[in-house]
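**Q** 3D model of this:
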Amino acid sequence: MSGAHPADATDLAYKKGLQKSVAAGSIGVLVHWFDWAVYAYMATTIAAIFFPEGDETAGLLATFAVFAVSFLVRPLGAIIFGRLGDKLGRKVTLSVVILAMAASTLVLGILPTYETIGMLAPILLIVTRIVQGLAAGGEFGSAAAFLGEFSPRKRRGFGCSWLEFGSLLGFLLASLVVFVLTQALSPEQVLAGGWRIPFLITVPLGLVGLYIRRKIEDTPEFEALQKMETVSESPLREVFTRNPKQFLQTCGMEIFMNVTFYVVLVYLLTYQETELGFDAGRAALLSTLASALGLIIVPLSGIASDKFGRKPVLMTAAISLTVLAVPLFMLMQVQSSLAAFVSTFGLAFILAIILGTHAVTVVELFPTRTRQTGLSIAYALTAALFAGTAPYALTWLIENTGSMLSPGFFLAVVGVVGIITVVSIPETKGVDLLKDDDLDTPTATSARTATDPAAS
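**A** Just a heads-up that it's a prediction; the model follows:
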């Protein structure tokens, strides 16, 4: 990677540090989404082993309700870790959140079932998901701010795209593990204990991520704030008093991304299995292939945003989602492997364009003083209100309206939100991440120039 940056991009030590930073920023996202994808992919199994026997739909709704509850605590985690990151640095929160995620996943992997301990089982399940939700509330803001501030200015879109590359890789690994599990074990064996395997796999991944994150340095921009003595004393208050416009724009962007993400990569597998009658292996394989496609498109989308700008790339995705969501869900209902493949890939392609560009766009909207707090809260709040509840809402809608196209119309509305948001934001390609709001002392400008010799 090359380009102007606060550090000398031609220096070998800097390049090695950047590579380590990309690994540190993306591995936590990988761990987080591996865990969440496994939970979503195994929703029907979890419903059977953690809730009383009875109505299958009620059990599935209860499982998704637990999923939604964990999202509702994300804003609290965002406030805690966002404030911590803007006051003490990105490195601190990167380490804490991955440790919390690994610990809660380990507990879930060894939890007794409803058959063993009765109602205590779903209660403990909720506790593990709450801890995960708190950690997840701090993960995106920490990783996005970290990657954005370490990426070269001219290739910042490409650098930030690795955040979502990590999330897709987590989904890819999760769908592969679930696919292998369903092929290698009988349904009875999965219920008897095979379901624990994917969750236990997350633990060593988390420990590797913790090791990497403890070895990194903090970002040049945050270190510049420390040298200028302009680190915010109250980043939460500043977000709403000095950056309310950026916060609202970020909320719109994250509604656009989060809901599309959860419908395509979380809910779609359950939809194909329970509503369209796909067998679990086929649905998991489609999800695997969709994630693999995203791994290619996401970095290309980041590169495109560096060349053409953030707005053109995002507007292309928003219009595509608005126009194509319903037709793609119509195509998915055709009893054909080719139709299932094309429709799933169409949705995944649109999602990948969004994923490759949204993070860098919102990173560039905020000043460094409040970047992690603003990103964390906007991301967590929209995820809690709109994304975490999406699987539950769509299951309820289909059950009560009888329309199999409900997810398509749902996504079309999200596409309109994306269009409105993209129109409202400025083009941020190549902007300086140290902004006027960061420069509150007479020595700030000279310190800034010393830190970023290429700023001019």
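**Q** neighbours around Pro220, how many?
**A** 18 (other C-beta atoms under 10 Å). Where you see a C-beta, it was placed from the backbone N, CA and C, and this is true even at glycine.
**Q** I figured it hits Gly148, correct?
**A** No - assessed by C-beta atoms under 8 Å, Pro220 is found out of contact with Gly148, at 11.3 Å.
**Q** any low-confidence regions in the stretch 351-456 of the chain?
**A** Residue ranges of the stretch 351-456 of the chain with pLDDT under 70: 440-456.
**Q** who's in contact with the closest residue to Leu397 other than its chain neighbours?
**A** Spatial nearest neighbour of Leu397, chain neighbours left out: Ser406 (4.3 Å); criterion: C-beta to C-beta, 6 or more residues apart in numbering. Ser406 makes contact with 394, 397-398, according to C-beta atoms under 8 Å, 6 or more residues apart in numbering.
**Q** likewise for Lys91?
**A** By C-beta under 8 Å, 6+ apart, the neighbours of Lys91 are 146, 213, 216-218.
**Q** what's the helix or strand hosting Ala380 in contact with?
**A** Here Ala380 sits within helix 371-382, counting by DSSP states H and E. Contact partners of helix 371-382, identified using C-beta under 8 Å, 6+ apart, comprise 74-75, 77-79, 81-83, 85-86, 90, 93, 136-138, 140-142, 144-145, 148-149, 235-236, 238-239, 243, 246-247, 250-251, 253-255, 258, 362-363, 365-366, 433.
**Q** top of the contacts of Lys91 by number of neighbours, please.
**A** Phe146 (33 neighbours).
**Q** what sits closest to that one if chain neighbours are left out?
**A** Nearest to Phe146 is Arg90, by C-beta to C-beta, 6+ apart, at 4.3 Å.
**Q** next one: Ile27
**A** Closest to Ile27 by C-beta to C-beta, 6+ apart is Gly209, at 4.0 Å.
**Q** quick one: that neighbour and Val29 touch, right?
**A** No - taking contacts as C-beta under 8 Å, Gly209 lies outside contact range of Val29: 9.4 Å.
**Q** what's the burial count for Leu324?
**A** Leu324 is flanked by 20 other residues according to other C-beta under 10 Å.
**Q** so Phe345, which of the three states?
**A** Of the three states, Phe345 takes helix according to DSSP: H, G, I helix; E, B strand; the rest coil.
**Q** that one: what's it in contact with?
**A** 289-290, 293.
**Q** make it 10 Å
**A** Residues near Phe345 by C-beta atoms under 10 Å, 6 or more residues apart in numbering: 286, 289-290, 293-294, 328.
**Q** closest to Pro122 out of the residues you listed?
**A** Leu286 (29.7 Å; C-beta to C-beta).
**Q** measure the closest residue to the closest one other than its chain neighbours to Gln333 for me?
**A** In space, and not counting its chain neighbours, Leu286 is closest to Thr344: 4.8 Å by C-beta to C-beta, 6+ apart. Per C-beta to C-beta, to the nearest Å, Thr344 is found 12 Å from Gln333.
**Q** Ala136 is in what secondary structure piece?
**A** helix 120-150.
**Q** got the angle for that helix vs helix 371-382?
**A** Angle between the axes of helix 120-150 and helix 371-382 is 140 degrees (criterion: axes from the mean of the first three to the mean of the last three C-alpha atoms, to 10 degrees).
**Q** how about helix 120-150: buried residues?
**A** Buried residues in helix 120-150, defined by neighbour count with 16 or more other C-beta atoms under 10 Å: 121-122, 124-125, 128-150.
**Q** for this structure, give me the ranges with low pLDDT.
**A** Low-confidence segments of the chain (pLDDT under 70): 1-18, 20, 54-61, 64, 67, 440-456.
**Q** can we see that at 50?
**A** Residues of the chain that meet the criterion pLDDT under 50 lie in 1-11, 13-14, 441-456.
**Q** returning to what we had before: I'd like to know which of the contacts of Ser406 are buried.
**A** 394, 398.
**Q** can you put the contacts of Ser406 in TSV and add secondary structure?
**A** Putting the contacts of Ser406 into TSV (three-state DSSP) gives the following:
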residue	secondary structure
Leu394	helix
Leu397	helix
Ile398	helix
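**Q** may I ask you to confirm that His115 is in contact with Gly193?
**A** One correction, residue 115 is Glu, not His. No - checked against C-beta atoms under 10 Å, the pair Glu115 and Gly193 is beyond contact range at 11.8 Å.
**Q** joint contacts of these two?
**A** Common neighbours of Glu115 and Gly193 are listed as Ile49 (criterion: C-beta under 10 Å, 6+ apart).
**Q** hmm, back to that, show me what secondary structure element comes after the helix holding Ala136.
**A** Downstream of helix 120-150, the first helix or strand assigned by DSSP H and E is helix 156-184.
**Q** now do the shared contacts for Pro220 and Gly148.
**A** 368, 433.
**Q** report the separation between Ile354 and Val323.
**A** Taking C-beta to C-beta, one finds Ile354 at 15 Å from Val323.
**Q** so how far is Glu275 from the residue nearest to Leu397?
**A** Noted for Ser406: a distance of 10 Å to Glu275, by C-beta to C-beta.
**Q** next, show the common contact partners of those two.
**A** 394-395, 398-399.
**Q** quick one: those residues as TSV, columns for distance to Ile197 too.
**A** What follows is these, written out as TSV (distance: C-beta to C-beta, whole Å):
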residue	distance to Ile197
Leu394	28
Thr395	26
Ile398	31
Glu399	31
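**Q** quick one: which of those is nearest Ala47?
**A** For those, the residue nearest Ala47 by C-beta to C-beta is Thr395; the value is 11.4 Å.
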